[in-house]
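**Student:** please find the sequence and the predicted model below.
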Amino acid sequence: MKVTKINIKLFLKCLLGIALINGFIILLIDPAARVERKYPDREKVVFWHMWTGEWKKVIDRIVDEFNENQNKYEVSSLSLANGDMKFLLSTAGGDPPDVMAQWNCVIPAWAKRKALMPLDSLMSDEDKKAFEETYPVIQKICHFEGKNYGICVGLNIYALFYRPSHFEEVGLDPNKTPKTISELNEMSEKLYKVAPDGKIQRVGIYPNHIQQWIPSFGPGMYDYDSKQMTIVTPNNLRCLEWMQSFPKKYGVKNLTFFESSFQNGYSGTLDWPFITGGYSFMVDGQWRIEQLAKYAPDLDYRICPLPAADEDGRPNACLCNGNFLLIPSSAKCPEGAWAFMRYWSGIANPDNAAKYYTWGGWMPISPAVTNAAVFQEYLTKYPQWKTFVDLLPSENLQVWPPVVYQNFLLDRIATFSSVLTSMSKSPKETLEGLRDMVTQEEERIKRGQP
Amino acid sequence: MSTVLKQSKSVRFVAHLTLIILSIPCLLPLLWMISTSLKSDAQIFPSVGEIGGFRLSDFIPNPILWSNYPEAMRSVPFGTYLQNTLFLCISTTIGAVLSSALVAYGFARTKFRGQKILFILVLSTLMLPPQVTMIPTFLLYKGIGWYGTWLPLVVPSFFGSAFYIFLMCQFFRTIPNELSEAARIDGCGELRIFFQIMLPLSIPVMATCALFQFIGAWNDFLGPLIYLNSPSQYTIAYGLQQFMGTMVSQWSYLMAATTVFTIPIIILFFLAQKTFIQGIATTGGK
Amino acid sequence: MQNPRETTLAIASQTPRRVAESLPPMNKRRKGISPGWWFISPWLFGFVFLTALPFLASLYLSFCQYDVISPPRWIGLSNYENLFLHDPLFWKSIWNTFVYAVFALPLGTVAGITLALLLSLDLRGMSVYRTIFFLPSIVPLVATSLLWVWILNPQIGLINNLLEMVGISGPPWLVSPVWSKPALILMSIWGVGGSMIIYLAGIKDIPTFLHEAALVDGANTWQRTWHITLPMLTPVIFFNLVMGMIGAFQYFTQAFIMTAGGPQESTNFYCLYLFQRAFLYLNVGYSSAMAWILFVIVLVVTTALMKTHTKWVHYEGN
């Protein structure tokens, strides 16, 4: 049939042509082959991390120093913005890096599935001894089912930032910091500025994240002995009741609108309302110190630990999180990875590693690092750091419960924080709602087992 | 467009007015981006004691920091990224448009057994959320050794994309049958009909597809992130992410880089949209 | 070289119409492979080798316990059972997505067509207008999302400040579980530029002789729009409807960047939850099951649309 005949040869030629042109372009500019190695004769250690921008430069300097100071390994680092997915896919593909930095709650979930290498097997006796001397929270935060899976080189701890000028304005003594929740309440009440129509002009304290305050009220959300979540407890209930007393007193809408007036379209750091004077007290982490030095060098502020609850409370408490260095269990060069980790973290040489902590504004992992000359110098430069460093030995620093569904827990706590502060539910109902969610997830995991 | 479709004065006035009013919200992101890109960090940051209230003056940078641009450009290897991006955009655009047009012609203008089912199959490839096929797809490309190369980003475009196939189908179907029937009588093969009749008649839709593909490849961030392993292969869209700090974001640099990143596409669109205007006015004379 | 368009015209004008009509129908059986197969062969190849495998794999995974890290293990219908019976978030995300689709899709369609009709007018400076309206689709999402967070800010945002000028106290938008979805729907209408371009290409594709003929009959602009442009545009409307529906069901990025599912799960859309399950909670098997449930839903809706399609979609070629 001539009518519908197709010129197959021409057709194939077209396709072939297109393919050829494209193949040629690929060959021409595919730079995959351009791999630069400064030390080609050394063993290669691939390091993936998620630090970008200014932070990436800090990491690069640390890597360079490591490469210059030994002659067995070469760490080559790759900065991956939004790299969580790539970490996972490469692990699935059996081609993960040798060492990676993570900040999500991945340790329990990954360790449970044997995707991470326990560090104990790589540590020498000397390393083990040095690790035992690190702060208790450092040993706790990467711990899962009896083993340690990482070194937390970027620990975040939280404390109360406050403005002395506001104190003076309402007749409080800036040198007298709140030791208990009731003291904080008293001060906060004086510091709040409310217009006659109820609109808020200044907040004393506004506790709106459940996880931030639970540690100050008691043993927290997890019982390490029975390995169970403990959500609905009298202590936690007292915490939530206290939290909800604020929207009750000042009005949900007033607080919501006040909070939102500080978001100007830039998320994260720059809209930090503490600087603008909107808040007299604010809970935040140690990294703010360096930011304040950079963006508001003249601001007069001080820091104190979170106050303890009056009934069965915990002083010097907070929930810590941080960035860890981990070694995937299918790493090709775990020894090199560990060499890099012990170098950076200061397990090997705390005096040398102390400077890395000052470069990044990270909490030191051990008293040895803290006492190093470089770090002491840093403390003189930023005296506010002292509050945080003094908190480090505290036994009341809590970490996220070591449950395999840690990320799920994190998201649900955010949800229920909003439920609580918007007064959609009472404190008791909020805790019960959270508990039910968690129970359901635990049962879901159980049912999903083959 | 032919002169017969000229509108009356009053209609034109109303149309202009409506369009101008509607333009304002659409222009905002660009203006905002440019304004932010010229500010200093301290300006982005509200000054001490200021609470609430929107002021128009916030929009205007003071002082204007032009230096954000060269500094943003210097902080990443922009030239390499641009070269990589252009390669990806051009090759996938050629691939996707040509192959999709072929396939769409097959579905819209020829008949064969199982066509309907296959067409549903084409559509159904769009229905599964990409997040979930990502893992098996990754494992597939890794299995055939394409991980770390351009291939997973380029090759699939040469097998047609369901979105464009469907779109072109809808257009091909509106083209009067008489044209191709006539050519068949003259002894033209299907391929010649496709190249000599269908393609010239479908320039607006081809331009649309090309534009979408180009912009899509230009903005694609996930593909390079997942499949490429060397900074020398990265694209601009990926490079942009490097400005998004983890704790401190360099907003002015980010926006300066974003502006530089966006302007070429705006120009491209401005030029390409003329293709739509041309339309197929010439096919009317029958 | 001869202009291809002119060739077309030449062919068209030379051929007597009745000859074309006397041709045998194309779907008759014949020897060899039908040319249609050759045309669709690139897609077929890609489908078989690159698409089908991941598809089937995800179907298999939906019956497995799979966490990316360790190999998948068969657990039968457990994932589906957990989803339907024991996961309130799953139902919440379906509801959120449904609400979004029901409002965003029709509003977006009407806005897209109206805008395209406006932009197809023969006015001075039209190319500038077109570019402006397409801007929301060009500017990277990072920038537009940040911008919208500001526009929708209850206190200092643009919208509420404008509302205040006319004496209305604006809602808290993204920070309220009641207003967060309307806020995102509003934002989706603003981003209608993509479908607008497709409509515009469709309008420009309509042969002018139709308009000319109507003009001779004395039809005004409105009548021509209603009786010629819109019917001729139905294939494109159909396309945008199907695509818009798939897009609405897969709505993800804006919610991911702007609200991360909050406040109080009010913007936890189906694909956002699916993403969290897969990549944050490491329940890939579970999210594969979610994906296939969505697949079935979308397939059913699309097939239903296809069934109505012969009633209102007008194809010149058939």
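**Tutor:** Structure received. Numbers count the residues shown, from 1 in each chain, chains lettered A, B, ... in the order given.
**Student:** any idea how far stretch A:207-227 is from the middle of the chain?
**Tutor:** 17 Å (C-alpha atoms, centre = their mean, to the nearest Å).
**Student:** what of stretch A:344-358?
**Tutor:** Stretch A:344-358 has its C-alpha centroid displaced from the chain centroid by 20 Å (C-alpha atoms, centre = their mean).
**Student:** check which residues of it are buried.
**Tutor:** Using 16 or more other C-beta atoms under 10 Å in any protein chain shown as the test for burial, stretch A:344-358 gives A:344-348, A:350, A:352-358. (Glycine included, C-beta is placed from N, CA and C.)
**Student:** need those residues in CSV (columns: distance to residue B:257, pLDDT and secondary structure).
**Tutor:** Listed next are the buried residues of stretch A:344-358 as CSV, based on distance: C-beta to C-beta, whole Å; pLDDT from 0 to 100; DSSP: H, G, I helix; E, B strand; the rest coil:
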residue, distance to residue B:257, pLDDT, secondary structure
A:344, 30, 92, helix
A:345, 33, 90, helix
A:346, 35, 88, coil
A:347, 38, 88, coil
A:348, 38, 86, coil
A:350, 39, 88, helix
A:352, 36, 88, helix
A:353, 34, 88, helix
A:354, 35, 90, helix
A:355, 31, 89, helix
A:356, 28, 90, helix
A:357, 30, 90, helix
A:358, 29, 89, helix
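**Student:** just for chain C, where's the confidence low?
**Tutor:** C:1-33, C:142, C:316-318 (pLDDT under 70).
**Student:** helices and strands around the longest helix along it, which ones?
**Tutor:** In chain C, with assignment by DSSP state H, the single longest helix is helix C:88-119. When contacts are defined as 3 or more C-beta pairs under 8 Å, 6 or more residues apart in numbering or on different chains; DSSP states H and E, helix C:88-119 packs onto helix B:9-37, helix C:126-138, helix C:180-190, helix C:193-204, helix C:230-249, helix C:270-275.
**Student:** ok, the last one near chain A or not?
**Tutor:** Which is helix C:270-275. No. Shown here: helix C:270-275 not in contact with chain A (C-beta under 8 Å from any C-beta of the partner chain), separated by at least 9.3 Å.
**Student:** so which bits of the next helix or strand after that helix are buried?
**Tutor:** Following helix C:270-275 in sequence order, the next helix or strand is helix C:284-312 (DSSP states H and E). Using 16+ other C-beta under 10 Å as the test for burial, helix C:284-312 gives C:284-295, C:297-298, C:301-302, C:306, C:309.
**Student:** how about the strands of chain B, start to end?
**Tutor:** Assigned by DSSP state E, chain B shows no strands.
**Student:** try the stretch 301-450 of chain A
**Tutor:** Remark: strands assigned in the stretch 301-450 of chain A by DSSP state E, counting those that start in this stretch are A:302-304, A:318-326, A:397-399.
**Student:** verify the contact between residue B:28 and residue C:147 for me.
**Tutor:** Yes. Counting by C-beta atoms under 8 Å, residue B:28 sits close enough to residue C:147 to count as a contact (6.5 Å).
**Student:** mind exporting the C-alpha coordinates of the helix or strand hosting residue A:275 to CSV?
**Tutor:** Per DSSP H and E: residue A:275 is located in helix A:273-276. Coordinates of each C-alpha in helix A:273-276 appear next as CSV, following Å, rounded to 0.1, in the frame of the first residue of the first chain:
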residue,chain,number,x,y,z
PRO,A,273,12.7,39.5,66.7
PHE,A,274,14.9,39.5,69.8
ILE,A,275,17.0,42.2,68.1
THR,A,276,14.1,44.4,67.2
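**Student:** how about the residues of the stretch 101-250 of chain C by chain A?
**Tutor:** Residues of the stretch 101-250 of chain C lying near chain A by C-beta under 8 Å from any C-beta: C:146, C:147, C:149, C:150, C:153, C:154, C:155, C:156, C:172, C:175, C:176, C:177.
**Student:** so what's the residue count around the second one?
**Tutor:** When counting by other C-beta atoms under 10 Å in any protein chain shown, one arrives at 22 neighbours for residue C:147.
**Student:** quick one: residues contacting it.
**Tutor:** By C-beta atoms under 8 Å, 6 or more residues apart in numbering or on different chains, the residues touching residue C:147 are A:265, B:28, B:29, B:32, B:33.
**Student:** how close does the fourth one get to residue B:68?
**Tutor:** Read that as residue B:32. Note on residue B:32: its distance to residue B:68, by C-beta to C-beta, to the nearest Å, is 15 Å.
**Student:** about what we covered before: distance from the chain centre to the longest helix of chain C, please.
**Tutor:** Once both centres are worked out by C-alpha atoms, centre = their mean, helix C:88-119 turns out to sit 10 Å from its chain's centre.
**Student:** buried ones in it?
**Tutor:** Neighbour-count burial for helix C:88-119 [16+ other C-beta under 10 Å]: C:89-90, C:92-97, C:100-101, C:103-105, C:108-109, C:111-113, C:115-119.
**Student:** please apply the same query to stretch B:164-182.
**Tutor:** Buried-residue list, stretch B:164-182, by 16+ other C-beta under 10 Å: B:164-175, B:178-182.
**Student:** same deal with stretch A:88-97?
**Tutor:** By neighbour count on 16+ other C-beta under 10 Å, the buried set for stretch A:88-97 is A:88, A:89, A:90, A:91, A:92, A:93, A:95, A:96, A:97.
**Student:** same question for stretch A:356-370.
**Tutor:** Judged by neighbour count using 16+ other C-beta under 10 Å, the buried positions of stretch A:356-370 are A:356-366, A:368-370.
**Student:** again, but for stretch C:117-131
**Tutor:** C:117, C:118, C:119, C:120, C:121, C:123, C:126, C:127, C:129, C:130, C:131.
**Student:** next, count neighbours for the residue nearest to the fourth one when sequence neighbours are not counted.
**Tutor:** Sequence neighbours aside, residue C:203 is the residue nearest to residue C:120 in space, at 4.5 Å (criterion: C-beta to C-beta, 6 or more residues apart in numbering or on different chains). As a burial measure, the neighbour count of residue C:203 was computed by other C-beta under 10 Å and equals 22.
**Student:** please apply the same query to residue A:400.
**Tutor:** Per other C-beta under 10 Å, the neighbour tally for residue A:400 reads 21.
**Student:** thinking again about what came up before, neighbour count winner among residue B:32 and residue B:68?
**Tutor:** Neighbour count, other C-beta under 10 Å: between residue B:32 and residue B:68, residue B:68 has more, with 25 against 20.
**Student:** distance-wise, check that one relative to chain A.
**Tutor:** The gap separating residue B:68 from chain A is 14 Å, by C-beta to the nearest C-beta, to the nearest Å.
**Student:** ok, now how distant is residue A:248 from residue B:230?
**Tutor:** In this view, residue A:248 and residue B:230 are 56 Å apart by C-beta to C-beta.
**Student:** and what of residue B:92?
**Tutor:** Using C-beta to C-beta, residue B:92 is found at 20 Å from residue B:230.
**Student:** looking only at neighbour counts, state which of the two leads.
**Tutor:** residue B:92 (24 against 15).
**Student:** could I get the pLDDT score of the nearest residue to the more buried one once chain neighbours are set aside?
**Tutor:** Using C-beta to C-beta, 6+ apart and skipping residues adjacent in sequence, the residue nearest residue B:92 is residue B:157, 4.0 Å away. pLDDT for residue B:157: 89.
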